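Asker: Following is a predicted model, sequence given first.
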Amino acid sequence: MIGTVRADETFEEHRGLLFAVAYRMLGTAADSEDAVQDAWLRWSAADRSDVRDPRGYLVRITTNIALDRLRSARAQRETYVGPWLPEPMLTARDVADDAELAESVSMALLVVLETLSPLERAVFVLKEAFGYPYAEIAAALDRSEASVRQLGTRARRHVEARRPRFTAGGAERRAATDRFLDAVMGGDVNRLMEVLAPDVTLWTDGGGKVRAALRPIVGVEKVARFIGAVAGESYAGVDAADMRMRRTDVNGRPALVIEGPDRAISAVTVEFDEEGRVDAIHMVANPDKLVALSEGRELVL
């Protein structure tokens, strides 16, 4: 039997894992924290006398809580103002050197996961990110193993069809990102156009709370004009003179965070085509999604 004190210790031991599962499921830190807190309430109130695998039990609870929250969130996201992007979170620099780990929390992958059904997303996260066997996933989701395998196959095909095409290692990706960031920070539109793919797409998430494009911007000239227009201007109530641009690592990728005196006001991550040119840009400026960045919180993977 797991006593009260031991139950507390056990939960804290796995808290980071539970948040990592919930974040990949939900895409926001606040919702993930709520899911983990709900998991704690269920864990603390449960009869733990026959729990032989606390880790698996807690992951199962958290996954199902996240599933319920994701189903509810889908309706809200349908009325969201402009593109909905996941909440960016800081990651350690060495995460980018682990290709599989970095990919599992990349903005690009989290965006693709938004297009899966909640069940497909749950199976994909547990199987591909955490390596759970289908039998355990089936038990966690109260589904047959055959149906879970079908969900997993369908989800994997969907993700692979939309997965970013640039598969270089961390050093090469960082160098490619630096070329883009140098052009942005230098305000050199011509240089910027040289590092953008012809079909580059820019998604900006302002949530209706700050200035942002309401639809994706497609094409090298349009994207370069948009970036050139907003660079160096006052934004989100912060004077241009009070802004600073900082290179850091966000969601397993080198990124640019634009900050005001007391908070982050935007985070920019990029993906590349086969030739190392930027073909996808994700810019999050919704202040509700920048709290974790402003607080300097790091996603522990």
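Answerer: In hand now; what should we look at? Only a predicted model underlies this, so the values are computations on that prediction, with no experimental measurement involved.

Asker: quick one: contacts of the helix or strand containing Leu110?
Answerer: Using DSSP states H and E, the secondary-structure element containing Leu110 is helix 107-113. Residues from elsewhere that reach helix 107-113, judged by C-beta atoms under 8 Å, 6 or more residues apart in numbering: 24, 27, 85-86, 88, 103, 121, 124-125, 158-159, 162-164, 203, 250-251, 253, 269, 271, 280, 282. All C-beta spots, glycine's among them, are computed from the backbone N, C-alpha and C.

Asker: Mind checking which of the residues you listed land in strands?
Answerer: Trp203, Val250, Arg253, Thr269, Glu271, Ala280, His282 (DSSP state E).

Asker: and these, which are buried?
Answerer: Trp203, Val250, Arg253, Thr269, Glu271, Ala280, His282 (16 or more other C-beta atoms under 10 Å).

Asker: just these now: which is nearest Glu298?
Answerer: Val250 (10.2 Å; C-beta to C-beta).

Asker: what's the nearest residue in space to the closest one that is not next to it in sequence in contact with, if anything?
Answerer: Nearest residue to Val250, sequence neighbours excluded (C-beta to C-beta, 6 or more residues apart in numbering): Pro88, at 4.7 Å. Neighbour list for Pro88: Met107, Val250, Asn251, Ala255, Ala267, Thr269, Val284, Lys289, Leu290, Ala292, Leu293 [criterion: C-beta under 8 Å, 6+ apart].

Asker: Please identify which helix or strand holds the fourth one.
Answerer: Secondary structure assigned from DSSP H and E places Ala255 in strand 253-259.

Asker: what do you get for Thr153?
Answerer: helix 145-162.

Asker: Can you mark which positions in that helix are buried?
Answerer: For helix 145-162, using 16+ other C-beta under 10 Å, the buried residues are Val148, Arg149, Leu151, Gly152, Arg154, Ala155, Arg156, His158, Val159.

Asker: Mind giving me the packing neighbours of that helix?
Answerer: Under the contact criterion of 3 or more C-beta pairs under 8 Å, 6 or more residues apart in numbering; DSSP states H and E, helix 145-162 touches helix 107-113, helix 118-124, helix 134-141.

Asker: These: which one's closest to Ala73?
Answerer: helix 118-124 (9.3 Å).

Asker: Which residues outside the closest one are in contact with it?
Answerer: 25, 63, 66-67, 70-71, 74, 113, 116, 137, 141, 143, 148, 151-152, 154-156, 158-159.

Asker: now that helix, how far from the chain's geometric center?
Answerer: A distance of 15 Å separates the centroid of the chain from that of helix 118-124, by C-alpha atoms, centre = their mean, to the nearest Å.

Asker: what mean pLDDT does it have?
Answerer: Mean pLDDT, helix 118-124: 97.

Asker: Convert the C-alpha atoms of it to CSV, please.
Answerer: This file holds the C-alpha atoms of helix 118-124, laid out as CSV (Å, rounded to 0.1, in the frame of the first residue of the first chain):
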residue,chain,number,x,y,z
PRO,A,118,-8.0,13.6,-29.7
LEU,A,119,-7.6,9.8,-29.6
GLU,A,120,-5.1,9.8,-32.5
ARG,A,121,-3.1,12.4,-30.7
ALA,A,122,-3.1,10.5,-27.4
VAL,A,123,-1.9,7.3,-29.1
PHE,A,124,0.7,9.1,-31.1
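
Asker: Many thanks, I have nothing further to ask.
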